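>>> would you be able to build a 3D model of this:
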Amino acid sequence: MSTPTSRIALRPEDEARVKESGKLSKQLNRLQETLSRIRSAPPAGHARNRKELEAALTKAQTAMETSLSIPDTDTQTSRTQRKELKRLCQSLEVLDQQNRFSDVINKRLPKKGIYIGIDLGGTNAQVAAVSSRGETLASKKVAVAGIEDPEEVTSLLASEVQLLVSETGGKWKQVVGLGIGAAGTIDLEEGVVIFAPNLNWRDVPARSMLETKLKIPVTLDNDVNVGTLGEWALGAGRGYQTIVGIFWGTGIGGGLIVNGELIRGANGMAAEVGHMVVDPRGPKCGCGNIGCMESIAGRRSIARDIRSAIRAGEATIITELVGKNPKVIRSGDLREAVKQRDKVALRVLKNAAAAVGLGMANIANLVDPDAFIIGGGVVEALGEWIVEESTEAAKKDIISVDQRQLTVLPAMIGDNAGALGGAILAMRMGE
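Just a heads-up that it's a prediction; the model follows:
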């Protein structure tokens, strides 16, 4: 006959601690669900989430105070709860500030009016008009392919911006400023595009050219910096203080925001994540270095490796999609190959994801960001699958992975990220 086990009696103070700790765990889970729900809402839904956000912030702050009053607060459970509650409070506070659209421009509301953002690429320019409350009033895509003369390009953009403002029903005198992101090397102080290979521009004073044509203040930055700013203010990065943006397409670019500030570096070249060396024995990159992330994981590099496999006689569905001697393999072709579980495409893409993951691990070990936001043509085509592959690869090389939260999110606002970020850049002029 077995002897029934008896429950060990706890002291009253221990009973109270266990009870309060259990309550906090449940409350923490509910608050995290609320934060996730509010963060995933589209920017237009911010006002509707205001009351829920304010209530969640009050509850989180109260829970934080409660956790500090529980006896034996040095236990591992209590320390973990306090750390999670602190992170939650910070995220809710930042999201509340962004919801009110004040933190994006240094905790003050921007001057009332219309702000213009331009994302200038080699093929198209995305243009957006944004209100001082962060609402997108209108946006459009302008073809610039084949136009290399900077005077022609800036004249076209000036004309299209004026048309866009009229489409919003607003008047030109309501326009406060314009922010533009261009792919290439930028002299931020002088507002000059030093070199933009996609545009074939060298030493183009883009800022002064647009200011002369439009008679409004203009600010200029690198396109990926501006895209990261857009995702932080209005997209997947809402509610985070420190994020790393990775834009993964033909090449790979990056942007870094720390405590709400865009980090450009001493020479305006911070966060060039695509040119982090992730394999010293890897292929030569277009920049001249060996083994850059871009030389392994950029779409051009992915296509190179698939073509190499085809020449080696490996069977792949890619030849059915684009022919036996494919000069161009697009993101859509990669998406179809993954859907069909093509062995060649999966192997090459997993190798690319491992390179991006190693880069993220190195960045995480150095910067410890709240989140990575990954966008660009490759991610838009392959979705959660490529994000998860990269995240799992990063976890293999990140220190203390069990004690920290590695958050990797797909970008939310797609082609509009750069244009919306340009408008935010214009709002922050003069800080």
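>>> how does the chain divide up, domain by domain?
12-100, 114-232+417-427, 239-412 (automatic domain parsing).
>>> got JSON lines for these, with mean pLDDT and mean neighbour count too?
Where C-beta positions appear, they are placed from N, C-alpha and C, glycine not excepted. Compiled in JSON lines, the domains of the chain are given as follows (pLDDT from 0 to 100; neighbours: other CB atoms under 10 Å):
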{"stretch": "domain 12-100", "mean pLDDT": "60", "mean neighbour count": "16"}
{"stretch": "domain 114-232+417-427", "mean pLDDT": "94", "mean neighbour count": "21"}
{"stretch": "domain 239-412", "mean pLDDT": "93", "mean neighbour count": "19"}
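>>> ranges for the helices of the stretch 151-300 of the chain?
Per DSSP state H, counting those that start in this stretch, the stretch 151-300 of the chain carries helices over the ranges 206-214, 223-234, 293-297, 299-311.
>>> what packs against the longest one?
In terms of contact count using 3 or more CB pairs under 8 Å, 6 or more residues apart in numbering; DSSP states H and E, helix 299-311 is assigned the packing partners helix 318-322, helix 331-339, helix 343-367, helix 377-382.
>>> correct me if wrong: D333 contacts G323.
No: between D333 and G323 there is no contact, the gap being 10.7 Å when judged by CB atoms under 8 Å.
>>> residue contacts, E320?
Contact partners of E320, counting by CB atoms under 8 Å, 6 or more residues apart in numbering, are absent.
>>> tell me how far it lies from P205.
In this view, E320 and P205 are 49 Å apart by CB to CB, to the nearest Å.
>>> ok, F195 next?
In terms of CB to CB, F195 sits 13 Å off from P205.
>>> now swap in W232 and tell me
W232 is 28 Å from P205, by CB to CB.
>>> ditto for I373
From I373 to P205 the distance is 31 Å (CB to CB).
>>> hmm, Q162 is touching G170, no?
No: when contacts are counted by CB under 8 Å, Q162 is not listed as touching G170 (11.0 Å).
>>> need the strands for this protein, in chain order.
114-120, 124-131, 136-143, 175-182, 185-187, 192-196, 201-204, 218-222, 243-248, 252-258, 261-262, 371-375, 408-410 (DSSP state E).
>>> how about these in a markdown table, adding distance to I306?
Putting these into a markdown table (distance: least, CB to CB, whole Å) gives the following:
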| stretch | distance to I306 |
| --- | --- |
| strand 114-120 | 29 |
| strand 124-131 | 26 |
| strand 136-143 | 29 |
| strand 175-182 | 30 |
| strand 185-187 | 30 |
| strand 192-196 | 28 |
| strand 201-204 | 32 |
| strand 218-222 | 30 |
| strand 243-248 | 16 |
| strand 252-258 | 17 |
| strand 261-262 | 36 |
| strand 371-375 | 21 |
| strand 408-410 | 23 |
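>>> which one of the ones you listed lies nearest to R347?
strand 243-248 (18.0 Å; CB to CB).
>>> re the thing from before, nearest to L366, of the helices of the stretch 151-300 of the chain?
Using CB to CB, those put helix 293-297 closest to L366, at 14.7 Å.
>>> I would like the residues contacting the closest one, please.
In contact with helix 293-297 (CB under 8 Å, 6+ apart) are residues 248, 251-252, 273-276, 278-279, 282-287, 289, 301, 351-353, 355-356, 358-359.
>>> give me the distance between it and the centre of its chain.
19 Å (CA atoms, centre = their mean, to the nearest Å).
>>> then stretch 312-331?
31 Å.
>>> and the end-to-end length of it?
When the termini of stretch 312-331 are compared using CA to CA, to the nearest Å, they are 22 Å apart.
>>> of all the strands of the chain, which one is nearest A393?
Of all those, strand 408-410 comes closest under CB to CB, at 10.4 Å.
>>> so what does the closest one touch, helix or strand wise?
strand 371-375, helix 384-395.
>>> just want the angle from the last one to helix 343-367.
Helix 384-395 and helix 343-367 are oriented at 50 degrees to each other (axes from the mean of the first three to the mean of the last three CA atoms, to 10 degrees).
>>> show me the contacts for the closest residue to G421 other than its chain neighbours.
Closest residue to G421 apart from its sequence neighbours, by CB to CB, 6 or more residues apart in numbering: G230 at 2.9 Å. G230 sits next to 117, 413, 416-422, 424 when contact means CB under 8 Å, 6+ apart.
>>> how close does V244 get to I252?
12 Å.
>>> kind regards, and thank you for your time.
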